[in-house]
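pasting the sequence and the predicted coordinates here, then a few questions.
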Amino acid sequence: APLAAPLEARASTLAASSSSNVDFNITYSSNRTEGLPTMLILATGGTIAGSSASNLDSTTYQAGVVGVGQLIQAVPELLNVSNVDGMQVSNIASESMPDSVVLKLTKLANKALCAPNATFDGVVITHGTDTLEETAFTMDVTLQCDKPVVVVGAMRPSTGRLSSNSPNNLLQAVTTASHPASRNRGALIVLNDRVCQAYYCEKTQANTVDTFDSPEPGYIGALLSDKLFYYSTAAQPTFKQTFDLSNVTALPDVDILYGYQGTDFGLLNATIADGAKGVVLAGTGAGSIPAAALHDIDAAAAKGFPLVRSSKINVGAAVPGDAGYDSMIAGGLLNPVKSRRLLQILLALNKTNDEIRDAFEGKLDSYLSYKPGSS
Ligand SMILES: NC(=O)C[C@H](N)C(=O)O
């Protein structure tokens, strides 16, 4: 039967996922300078840990090669800012990042920062840029205290002598995570002199160095030389809710189907049969869904299968209450990959369909249903 292999693959992903407890495995520890904060650097791979024989290569290099100790030692300036410990969590290109590693990262960060006996002042995650926003968003909505988690990557491999942005990005990430003004801002993304809120930030250009942006809310801070500043006092995204994943051992499979002119989302039923626990539809425009797709969508939703309607445009909102789309949950301002991750988290926490809808739509809906003059 054609579906046997994928079903087996999904079962083995679940079996391989992390247990609820995680242990530190620190393989690099800097000399301690009294008075400086202490950072935990969780290295996962990506171009920031990439290597190439050519100094000019920004396309065909290998991601996830350089180890955490070498990454840290390549930037001795880090030790003027902070004491640092390094742990290698994975060393892979981020397009291959399994959910189990992301779950482990949030557990490690919460243990390092938020546990009663926590000794770290900040966490920096080095990560490939292709899915960096997915991990950063996950950290943002699962962090249980006000200390900073900064996720950082690079577009040019760390070994490129000409114009690699890896070393400076790492320094700027550690500088940001070490700064007291970074508290109470959730998870942050730092690259190329700019600080962006993980909730809204995303990769916007496939090739260029200057790629992370949150086009509507904008950057919240910047680095001038090695000094950080913020444009405003600390604030959290209006639509953000946080979730405790400490007892979660696996994130359920949620798939994304891509929208285009006239699609009937013909893969929807196959995806459900293949074991997905939810689906995000990357709709066109503001999450519009072709009429040809509504029959199968409504039938799946009537059986209790959760479907989130997002926008493939990435910037802007799929708005709740859109006529004809009631069977789907509106993703609001979350792009498809962030909608997928939020749905995975809600399903992992055994939320009901009403609770899932409320988590996606509730806060945006309260703004949209505001009556002038009410409080
Ligand atoms: N610039 C990068 O990091 C791209 C790489 N494919 C990754 O995400 O790991």
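Thanks, I have it. Residues are numbered from 1 along each chain as shown.

in a helix, L343, correct?
Yes. L343 forms part of a helix when assessed by DSSP: H, G, I helix; E, B strand; the rest coil.

which residue, other than its chain neighbours, is closest to G283?
Nearest residue to G283, sequence neighbours excluded (Cβ to Cβ, 6 or more residues apart in numbering): G259, at 4.6 Å. Bear in mind the C-beta positions are built from the backbone N, C-alpha and C, glycine included.

the one you found: what's it in contact with?
The neighbourhood of G259, defined by Cβ atoms under 8 Å, 6 or more residues apart in numbering, consists of F265, L281, A282, G283, T284, S288, I289, P290, K312.

gap between L307 and the ligand?
Going from L307 to the ligand by Cβ to the nearest ligand atom, to the nearest Å gives 28 Å.

check I220 too.
According to Cβ to the nearest ligand atom, I220 stands 22 Å off from the ligand.

you'd agree that residue is up against T233?
No. If you go by Cβ atoms under 8 Å, I220 and T233 don't touch, sitting 10.3 Å apart.

give me the more crowded residue out of the two.
Between I220 and T233, I220 has the larger neighbour count (other Cβ atoms under 10 Å), namely 20 against 8.

about what we covered before: of the contacts of G259, buried ones?
F265, L281, A282, G283, T284, S288, I289, K312 (16 or more other Cβ atoms under 10 Å).

three-state assignment of whichever residue of the chain sits closest to the ligand?
Proximity to the ligand, evaluated over the chain using Cβ to the nearest ligand atom, is greatest for G128 at 2.0 Å. Following three-state DSSP, we place G128 in the coil state.

just checking, it touches G64?
Yes. Counting by Cβ under 8 Å, G64 is a contact partner of G128 at 7.1 Å.

isn't there a helix covering T106?
Yes. T106: assigned to a helix according to three-state DSSP.

OK, contacts around the nearest residue to it once chain neighbours are set aside?
Nearest non-adjacent residue to T106, counting by Cβ to Cβ, 6+ apart: T142, 4.5 Å away. If you count contacts by Cβ under 8 Å, 6+ apart, T142 has them with T106, N110, T242, F243, D244, L245, I345.

give the contact list for the residue lying closest to D146 once chain neighbours are set aside.
In space, and not counting its chain neighbours, D146 is closest to N184: 4.3 Å by Cβ to Cβ, 6+ apart. N184 is in contact with D146, A234, Q236, counting by Cβ under 8 Å, 6+ apart.
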